[in-house]
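Asks: Quick one, what's the 3D model for this:
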Amino acid sequence: MYISRDNLDNVVLIDYDFGNFIVNNLNKDLGINKFYKTQSVRASDSGVLSRLNMPGILLEVGFICNEDDRNILLNRQQEIAQSIANSIDIFSSKIS
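Replies: Residues are numbered from 1 along each chain as shown. Here you go, the predicted structure:
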């Protein structure tokens with residue numbers, strides 16, 4: 001998962017907290033330990049994130065060239081989507 005770099009430190013910290021929250025929930029909801037907090041949440045100046053006018057994250061849930069990832073992506077799409085949506089709902093209610 002990549003978060004946007006921003007000049008506002010508090011926004012970046014919220015993004016890191018949000019990223020870690022999603023990683024933890026994906027692990028818990030899917031019953032796997034694939035997403036590692038320390039390796040999975042990074043700041044980035046990627047083209048996608050640098051064009052945002054608000055805090056943002058880019059999720060890389062897996063790689064289709066990896067057989068285990070491909071199986072998860074093909075067979076558990078609804079669970080992945082639901083976990084991410086639930087994480088957004090819960091986290092946004094905590095910071096509102």
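Asks: what's the helix or strand where Asn71 lies in contact with?
Replies: Asn71 belongs to helix 67-75 when assigned by DSSP states H and E. Applying Cβ atoms under 8 Å, 6 or more residues apart in numbering, the set of residues contacting helix 67-75 from outside is 30, 32, 34, 61-64, 80. Just so you know, the C-beta spots here come from the backbone N, C-alpha and C atoms, and that holds for glycine as well.
Asks: Give the buried subset of those as a PyMOL selection command.
Replies: Buried subset of the contacts of helix 67-75, written as a PyMOL selection, criterion 16 or more other Cβ atoms under 10 Å:
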select buried, resi 30+61+62+80
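Asks: buried stuff in the helix holding Asn71?
Replies: Ile72.
Asks: Could I have the CA atoms of that helix written out in PDB?
Replies: Extracted C-alpha coordinates of helix 67-75, given in PDB (Å, rounded to 0.1, in the frame of the first residue of the first chain):
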ATOM      1  CA  GLU A  67       0.200 -18.100  -7.900                       C
ATOM      2  CA  ASP A  68      -0.900 -17.700  -4.300                       C
ATOM      3  CA  ASP A  69      -1.900 -14.000  -4.900                       C
ATOM      4  CA  ARG A  70      -3.700 -14.900  -8.100                       C
ATOM      5  CA  ASN A  71      -5.800 -17.500  -6.300                       C
ATOM      6  CA  ILE A  72      -6.700 -15.000  -3.600                       C
ATOM      7  CA  LEU A  73      -7.500 -12.300  -6.200                       C
ATOM      8  CA  LEU A  74      -9.700 -14.700  -8.300                       C
ATOM      9  CA  ASN A  75     -11.500 -16.500  -5.500                       C
END
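Asks: Does anything pack onto the following helix or strand past it? Which helices or strands?
Replies: Moving toward the C-terminus from helix 67-75, the next helix or strand (DSSP H and E) is helix 77-95. Packing partners of helix 77-95 (3 or more Cβ pairs under 8 Å, 6 or more residues apart in numbering; DSSP states H and E): helix 9-30.
Asks: Averaged pLDDT, the helix it packs on. What do you get?
Replies: For helix 9-30, the mean pLDDT works out to 74.
Asks: Can you list the low-confidence ranges for this structure?
Replies: Low-confidence segments of the chain, defined by pLDDT under 70: 1-16, 35-46, 48-49, 55, 96.
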